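Asks: the following block contains a protein sequence and its predicted model.
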Amino acid sequence: MAIRNAKTAARSNKRPAHKTASRKASSARRAPARPARKEKPKVEIGAIRNKLTASEYFDKLCEITGLERRDVIKVMRAQEVIVLGALHPRGGFGQVTIPRVISITCKDVPAKRVPAQKAGQTKVNPFTGEEYVTEYKAAYTKPARVQIKGKCPKKVKDFALTGKL
């Protein structure tokens, strides 16, 4: 048999065979209760009458959040990096959502060939009802492009219509 260490022997002698804990003792070992959450200050949403410049936009964010201007600018730059990375032409996913604000999708539209139009055909203008003779138009190809679409959540649309959250 291996010889026991003096500390191990002393510790094993101190432990009782079975310990009964009272309710008070068990409640003393519990973690302290979490402090109550601070209520978020309600920000009044007022109409902005004219277009905001970037500087005015940052000032407004500083006023609402209580952060310093340089911190707000850092957050906006980080957001820009995330959006551009998600829409990157080589390896980006092509879709990004800024929560509660907008969802942006990026789609490749291939080149499209438009056929030639013959000359001398008589057609009717649908708006005026007037007849006209077509001229010759050569065939051409519309170049490929990237289409970017943005969708906002229902909450934003409803607020824009009614002014109520």
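Replies: Great, that's in hand.

Asks: my guess is Glu68 meets Leu61, correct?
Replies: No: using C-beta atoms under 8 Å, Glu68 makes no contact with Leu61, being 10.7 Å away. Every C-beta, even on glycine, is put in place using the N, C-alpha and C of the backbone.

Asks: neighbour-wise, which of the two wins?
Replies: When Glu68 and Leu61 are compared for neighbours, Leu61 comes out ahead with 17 against 10, by other C-beta atoms under 10 Å.

Asks: which other helices and strands does the helix or strand encompassing the more buried one contact?
Replies: For Leu61, the host element (DSSP states H and E) is helix 54-65. Using 3 or more C-beta pairs under 8 Å, 6 or more residues apart in numbering; DSSP states H and E, the elements in contact with helix 54-65 are helix 69-86.

Asks: and the helix it packs on, how far from the chain's centre?
Replies: 12 Å (C-alpha atoms, centre = their mean, to the nearest Å).

Asks: report the angle between that helix and helix 54-65.
Replies: For helix 69-86 against helix 54-65, the angle by axes from the mean of the first three to the mean of the last three C-alpha atoms, to 10 degrees is 110 degrees.

Asks: could you point out the helix or strand that follows helix 69-86?
Replies: Moving toward the C-terminus from helix 69-86, the next helix or strand (DSSP H and E) is strand 95-98.

Asks: for that next one, which residues meet the burial criterion?
Replies: Val96 (16 or more other C-beta atoms under 10 Å).

Asks: what does it contact?
Replies: Gln79, Ile82, Val83, Ala86, Leu87, Ser103, Ile104, Thr105, Cys106 (C-beta atoms under 8 Å, 6 or more residues apart in numbering).

Asks: could you redo the last one with a cut-off of 7 Å?
Replies: For strand 95-98, contacts defined as C-beta atoms under 7 Å, 6 or more residues apart in numbering pick out Gln79, Ile82, Val83, Ala86, Leu87, Ser103, Ile104, Thr105.

Asks: buried subset of the residues you listed?
Replies: Among the contacts of strand 95-98, those classed as buried by 16+ other C-beta under 10 Å are Val83, Ala86, Leu87, Ile104, Thr105.

Asks: so which of the residues you listed is the closest to Ala36?
Replies: Val83 (36.1 Å; C-beta to C-beta).
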